[in-house]
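# here is the input, now give the coordinates:
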Amino acid sequence: MSDSALKPPTLNDKKAPLKSPAVSTLSANTLQLPTTSQQKLSTGPSNGASSGSATGNPRNKCALKPGFSLMSWVRLCNSGADLSGTGGRVVPVTRDELARHNRVDDAWMAIRGRVFNVTRYMDFHPGGVEELMRGVGRDATKLFDEVHAWVNYPQLLNKCYVGPLKENLAPRLQAEILRPPPAPVETVPRFDWIQQRSELTLCFYTRRLANPGLLIKRSTAEEAVKTLEIRVQLETRWHGFNFALSNAVLWPPKAVRTAAETGKVEVVLSKEVPEPWPTYGTHESKKLDVLLTQEEQLEYEVQRCEHFNHDSFELSLQSVQQQVLLQLPVGYHLDIEVPHNGELLQRSYTPVPHCYLPSNNDSVDDTNTLQFLIKYYEHGAVSSELHQLQPGANVKLSLPRGNFKLSSLEAHRNILLLAAGSGITPILSLLKPLLHRQSNRLERLHLLYFNKTIADIWLRHKLQLQQDSDERFSCTHYTSQAVEEQQLQAGRISQELLAPLFAEKSSECFSYVLICGPTGFNTAAVNSLTALSVKQSQVHVFQG
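Okay, here's the model as predicted:
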């Protein structure tokens, strides 16, 4: 509201105190269960305000000392410091040697056959030093899997890697681990342009299933502009293009299209004077610094804040002076920052596709605004502040955050969606891209949507319309309380409930699962799927 594979990506794109970012080259995972998604950006005293996850459930977390935020850990990892203590060498480790490194000031642990020196990580661990020490000096795989198997520890502790745990590995596998991994080939968007007499289209080609995001900035408040900044987001990396156009174009763009499947991005601009151009002009391109973009914020203005149902509201935001247009990658979210009792608090929210909100026309997809459906909590500091906003008020947003890889679904034609409460929001962003997929067309997309009561169900009518319009999509509602309606069932997420969907010989067997809900729901879903022998590579958990 990361990584996939039976692992709710912890902290998934959260900010720690004083603007520590959520997504980094190390990923926003920590060796700790998902913790508070609403974090203070101030070192001042706590005011006792409630915190919550992307779905509002509180999470417990040890307070980190100043200077030990996730951002600080990222900086340390990028500083060139020898965190492994091996001088850059990969050193095989025996169990006896591992056992000798069992102190706070000399701490090694093994996870799935890999040994990491976690000495420098101690004070950065959200669960506290004592929790991390439980796995020091031994093979902590079982302990790790019991608590947070979904964490992407290879990325988080990449600079701390000592070597393979020798007794756990056959010689051939040892050689594979000792061999340095191939450097990933980074995709750099390729630019092209086309024109009609009255239009200019700027095109950016990335790669298939790249799931790009897009940000467009104009340099002045004038309707006619000749300079534009366009950024294309590919995972955590932003690629910037600064354009000096031959002639003026009108703001806002006539159309903005990001194709998640093909990876193509198009910005269609209306020419101020309809005539052929000999050239589009010039542009400069560069990769933007990851750390700077993680700290960057955009200022947005409230356009509308209206009641939705008994405990939630719609929030419509537009860039101040309409200076910016923003489109998120599918499955990504934003951090919204608000002041509260002298502190700055943040919470992650996934924008809702415009067509799903009652206040928007089904056929309209307004790229000028960001629409949110937010659950209100009486003691939730961020939701309470947002609920009181009036049109014209300003809030600050982070750039899009997340680690969902659309390519992970490419081979799957039968996909199960599990959502609870406000966890429906990232799921909604997936429906259109998946159902419109041309390659390896989907056979079935089934949503199990869990809520406490009938009154808590969000967008029930819209989900029914989606089901009526495409026979491949179906939605089953579950409530915690007994119900008499034929279309609703009483029940909670469990192994017994999911078992029929994964019977080996059943035509109802699903090959991939996407999950979003409160921490307890996510954990129960993951445990149930594990018991049903669903592979880690077949599951992604969204966590805000």
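# quick check: closest non-adjacent residue to L417.
L447 (4.3 Å; Cβ to Cβ, 6 or more residues apart in numbering). Using the backbone N, CA and C atoms, a C-beta is placed for each residue, glycine as well.
# and the one you found, how far from Q495?
19 Å (Cβ to Cβ, to the nearest Å).
# quick one, which of the two is more surrounded?
Taking neighbours as other Cβ atoms under 10 Å, L447 and Q495 compare with L447 leading, 23 against 15.
# then the more buried one would be within a strand, right?
Yes - checked against DSSP: H, G, I helix; E, B strand; the rest coil, L447 lies within a strand.
# contacting residues around it?
L417, L418, A419, I427, L463, F473, S474, C475, T476 (Cβ atoms under 8 Å, 6 or more residues apart in numbering).
# now those in CSV, with neighbour count, pLDDT and secondary structure?
Output for the contacts of L447, formatted as CSV (neighbours: other Cβ atoms under 10 Å; pLDDT from 0 to 100; DSSP: H, G, I helix; E, B strand; the rest coil):
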residue, neighbour count, pLDDT, secondary structure
L417, 24, 97, strand
L418, 27, 97, strand
A419, 26, 96, strand
I427, 22, 95, helix
L463, 22, 93, helix
F473, 19, 96, strand
S474, 14, 95, strand
C475, 19, 95, strand
T476, 13, 93, strand
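# of these, closest to C203?
I427 (30.2 Å; Cβ to Cβ).
# find the nearest non-adjacent residue to the closest one, please.
A419 (4.8 Å).
# run through the bridge partners of that neighbour.
On the basis of DSSP bridges, A419 is bridged to Y449, C516.
# and D192, by the same measure?
Here D192, judged by DSSP bridges, has bridge partners C203.
# look up how far E275 lies from it.
D192 is 21 Å from E275, by Cβ to Cβ.
# from memory R138 sits against H101, does it?
No - using Cβ atoms under 8 Å, R138 makes no contact with H101, being 9.9 Å away.
# start from the N-terminal end of the stretch 201-350 of the chain and give the helices.
290-295 (DSSP state H, counting those that start in this stretch).
# contacts for stretch 133-140 next, please.
95, 98-104, 107-111, 118, 143-144, 165, 168.
# go with 7 Å
The contact list for stretch 133-140, computed with Cβ atoms under 7 Å, 6 or more residues apart in numbering, reads 98-99, 101-102, 104, 107-111, 118, 143-144, 165.
# again with stretch 237-252
So stretch 237-252 is in contact with 188-189, 191, 200, 218, 223-232, 269-273, 277, 279-288, 290, 293, 322, 325, 368, going by Cβ under 7 Å, 6+ apart.
# dump it to CSV, restricted to CA.
The C-alpha coordinates for stretch 237-252 follow below in CSV (Å, rounded to 0.1, in the frame of the first residue of the first chain):
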residue,chain,number,x,y,z
ARG,A,237,16.0,4.2,-10.7
TRP,A,238,14.8,7.4,-12.4
HIS,A,239,16.0,8.5,-15.8
GLY,A,240,15.7,12.2,-16.5
PHE,A,241,15.2,13.9,-19.8
ASN,A,242,15.4,17.8,-20.0
PHE,A,243,13.8,19.1,-23.2
ALA,A,244,14.3,22.4,-24.9
LEU,A,245,11.6,22.2,-27.6
SER,A,246,11.8,23.9,-31.0
ASN,A,247,8.5,25.6,-30.4
ALA,A,248,5.9,26.0,-27.7
VAL,A,249,3.5,23.3,-26.6
LEU,A,250,0.4,23.6,-24.5
TRP,A,251,0.1,22.4,-20.9
PRO,A,252,-1.1,20.0,-19.7
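# and it, what's buried?
By neighbour count on 16 or more other Cβ atoms under 10 Å, the buried set for stretch 237-252 is R237, W238, H239, G240, F241, N242, F243, L245, A248, V249, W251, P252.
# and these, which of them are in strands?
Among the buried residues of stretch 237-252, the residues falling in strands (DSSP state E) are R237, W238, H239, G240, F241, N242, F243, L245, A248, V249.
# farthest pair within the residues you listed?
R237 and A248 (30.9 Å).
# ok, back up a step: who's more crowded, R138 and H101?
H101 (21 against 17).
# tell me the SS of the nearest residue to the more buried one once chain neighbours are set aside?
Once flanking residues are discounted, H101 sits nearest to W108: 3.7 Å by Cβ to Cβ, 6+ apart. Secondary structure assignment for W108 (three-state DSSP): strand.
# could you report the neighbour count for W108?
Neighbour number of W108 under other Cβ under 10 Å is 27.
# that one: what's it in contact with?
L98, H101, V115, F116, N117, V136, G137, V162.
# hmm, 6 Å instead?
W108 is in contact with L98, H101, V115, N117, counting by Cβ atoms under 6 Å, 6 or more residues apart in numbering.
# hmm, who's touching the strand or helix carrying P426?
Here P426 sits within helix 424-435, counting by DSSP states H and E. Helix 424-435 has contacts (Cβ under 6 Å, 6+ apart) with 1, 260, 330-331, 350, 352-353, 356, 417, 419, 442, 445, 458, 470, 516, 542.
# by neighbours, which of those wins?
Neighbour max across the contacts of helix 424-435 (other Cβ under 10 Å) = F542, 32 neighbours.
# tell me the spacing between that one and P252.
For F542, the distance to P252 - Cβ to Cβ - is 30 Å.
# mind checking the SS state of the residue lying closest to F510 once chain neighbours are set aside?
Using Cβ to Cβ, 6+ apart and skipping the chain neighbours, the partner closest in space to F510 is L416 (4.0 Å). Assigned state for L416: strand (three-state reduction, three-state DSSP).
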